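# I'll drop the sequence and a predicted model, then ask my questions.
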Amino acid sequence: MDKFGKRFRECRKAAGLTQVAAAQLMGIGHSSISEYENDVSEPTASVLFKMAETYGCSIDHLLGLDVPDNGIIVRTIMRDGE
């Protein structure tokens, strides 16, 4: 699975936004966008929601959970939950 930061950056660029523009639309500092994209910090659930809304994608997509590889996500969750 891609690192979250890489996925965040790809989604922002696909939406045609700069870090500054995305931050303004979400009401957060542009340095926060940079930190998320460089895996320095992780967004809160409310910021993930704003990202999904701003970038026009799902939270699952932002987190890389919508690309199952032969059920590997389910198997990993089941194994970790045992």
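Happy to help now that I have it.
# show me what contacts the closest residue to Asn38 other than its chain neighbours?
Computed as Cβ to Cβ, 6 or more residues apart in numbering, the closest residue to Asn38 that is not its neighbour in sequence is Gly5, at 5.5 Å. Placement of C-beta: from N, CA and C, glycine included. Neighbouring residues of Gly5 by Cβ atoms under 8 Å, 6 or more residues apart in numbering: Tyr36, Glu37, Asn38, Asp39.
# Identify the residues contacting the first one.
In this structure, Tyr36 makes contact with Phe4, Gly5, Phe8, Glu42, Pro43, Val47, judged by Cβ under 8 Å, 6+ apart.
# The residue nearest to Ala52 when sequence neighbours are not counted: neighbouring residues, count only.
Of all residues not flanking Ala52 in the chain, Ile59 sits nearest, at 4.8 Å (Cβ to Cβ, 6+ apart). Neighbourhood size, Ile59 [other Cβ atoms under 10 Å]: 14.
# returning to that earlier point: which SSE is the residue nearest to Asn38 in?
In this assignment (DSSP states H and E), Gly5 forms part of helix 4-14.
# in this protein, what spans have low per-residue confidence?
1-2, 66-82 (pLDDT under 70).
# now the strands: where do they sit in it?
Read by DSSP state E, the chain holds no strands at all.
# mind listing what the residue nearest the centre of it touches?
For the chain, Leu62 is the residue whose C-alpha lies nearest the centre (Cα atoms, centre = their mean; 3.3 Å). Residues near Leu62 by Cβ under 8 Å, 6+ apart: Phe4, Arg7, Phe8, Cys11, Leu48, Met51, Ala52, Tyr55.
# contacting residues around the fifth one?
What it means is Leu48. Ile59, Leu62, Leu63.
# Quick check: the first one touching Phe49?
Yes - using Cβ atoms under 8 Å as the test, Ile59 is close enough to Phe49 to be in contact (6.7 Å).
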